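> Have a look at this prediction, sequence included:
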Amino acid sequence: MSAYRERKLAELNDEIRNYPGPIARCDQHLPALLEERARLMAELERESCPPRARWGHDGGRINNERE
């Protein structure tokens with residue numbers, strides 16, 4: 001599921017980066033994009049593993065364990 005969220009986040013970042021200006025105060029589309037990006041970033045952070053856990057699952061040692 002995180003691959004989908006990461007792909008969607010990349011798409012949102014690209015859309016925000018290329019958003020046409022100038023931006024009117026009454027524009028509602030850009031704030032919605034920013035809110036969706038913030039929500040996706042929070043979801044990705046909640047579901048991600050800490051760096052040490054990822055390293056351990058990739059074959060690294062955790063807590064100085066020996067093989």
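Here it is on my side, so go on.

> average pLDDT across the longest helix along the chain?
Ranked by number of residues, the top helix in the chain under DSSP state H is helix 29-47. Taken as a whole, helix 29-47 has a mean pLDDT of 90.

> can you pull the buried residues of it?
By 16 or more other Cβ atoms under 10 Å, the buried positions in helix 29-47 come out as 37, 40. From N, CA and C alone the C-beta is placed, and that goes for glycine too.

> show me the residues around residue 5 that make contact.
Residues in contact with residue 5 (Cβ atoms under 8 Å, 6 or more residues apart in numbering) are 40, 43-44.

> between these, which is nearest residue 7?
Nearest to residue 7 out of the contacts of residue 5 is residue 40 (Cβ to Cβ; 10.1 Å).

> pretty sure the closest one is touching residue 12, no?
Yes: between residue 40 and residue 12 there is a contact at 6.9 Å, judged by Cβ atoms under 8 Å.

> Name the residues contacting each of the two.
Both residue 40 and residue 12 lack any common contact, where contact means Cβ under 8 Å, 6+ apart.

> Output stretch 10-18 as CSV, nothing but the C-alphas.
The C-alpha coordinates for stretch 10-18 follow below in CSV (Å, rounded to 0.1, in the frame of the first residue of the first chain):
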residue,chain,number,x,y,z
ALA,A,10,5.1,12.1,-6.2
GLU,A,11,2.2,13.0,-8.5
LEU,A,12,0.9,15.6,-6.1
ASN,A,13,4.3,17.1,-5.6
ASP,A,14,4.7,17.4,-9.4
GLU,A,15,1.2,19.0,-9.8
ILE,A,16,1.9,21.5,-6.9
ARG,A,17,5.4,22.3,-8.4
ASN,A,18,3.8,23.0,-11.8
